[in-house]
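Chemist: structure of the sequence below:
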Amino acid sequence: MAKKEAINKIKVMAPGGKATPAPPLGPALGGAGINPGQFVQQFNAATAKLNGKVVGCVITVYNDRSFSFEIKSSPAAVLIREAAKIEKGSGVPNKEKVGKVTKTQVKAIAQEKMADLNAGSMEAAMRIIEGQCRNMGVLVVEG
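Modeler: Numbering: from 1, shown residues only. Predicted coordinates:
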């Protein structure tokens with residue numbers, strides 16, 4: 001039997017448990033030689049508990065057209081918007097602030113993202129998340 005060889009890696013974002021083979025996911029998968037229906041079925045089963053929260057996914061495509069995927073945590077911006085209860089970040093974050101998050105919320109987001117961040121400690125991870133907050137026009141307050 002021939003050895004499976006990885007020929008492509010694709011990164012996609014999709015709502016957990018609610019992905020569909022419609023654009024933008026379907027064409028990206030079809031172009032890489034993956035059956036979109038088969039991927040969506042497996043992805044939704046693996047992410048059913050996330051209930052529509054957007055998550056990242058790295059898909060490895062093999063030479064026999066099979067695939068494997070690894071689910072990453074949600075983007076920091078999505079988690080910050082959820083914590084601050086805002087629709088979107090500020091267009092001019094240095095002048096216009098659109099929401100607030102507490103240090104404890106920042107720590108919770110950093111703990112969730114720790115595996116995907118290139119931070120050596122929890123404090124460094126929190127600083128990364130606080131920087132993202134600043135870039136979105138969200139204030140970080142004590143509490």
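Chemist: elements contacting the host helix or strand of Leu79?
Modeler: Taking DSSP states H and E as the definition, Leu79 sits inside helix 76-84. Applying 3 or more CB pairs under 8 Å, 6 or more residues apart in numbering; DSSP states H and E, one finds that helix 76-84 makes contact with strand 99-102, helix 103-113, helix 122-136. For every residue, glycine as well, the C-beta is placed using N, CA and C.
Chemist: these: which one's closest to Val12?
Modeler: helix 103-113 (18.2 Å; CB to CB).
Chemist: quick one: the closest one to helix 76-84, angle?
Modeler: Interaxial angle of helix 103-113 relative to helix 76-84 (axes from the mean of the first three to the mean of the last three CA atoms, to 10 degrees): 140 degrees.
Chemist: chain center to helix 103-113: distance?
Modeler: 15 Å (CA atoms, centre = their mean, to the nearest Å).
Chemist: adding mean neighbour count, write the helices and strands packed on helix 76-84 out as TSV.
Modeler: Listed next are those as TSV, based on neighbours: other CB atoms under 10 Å:
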stretch	mean neighbour count
strand 99-102	19
helix 103-113	18
helix 122-136	17
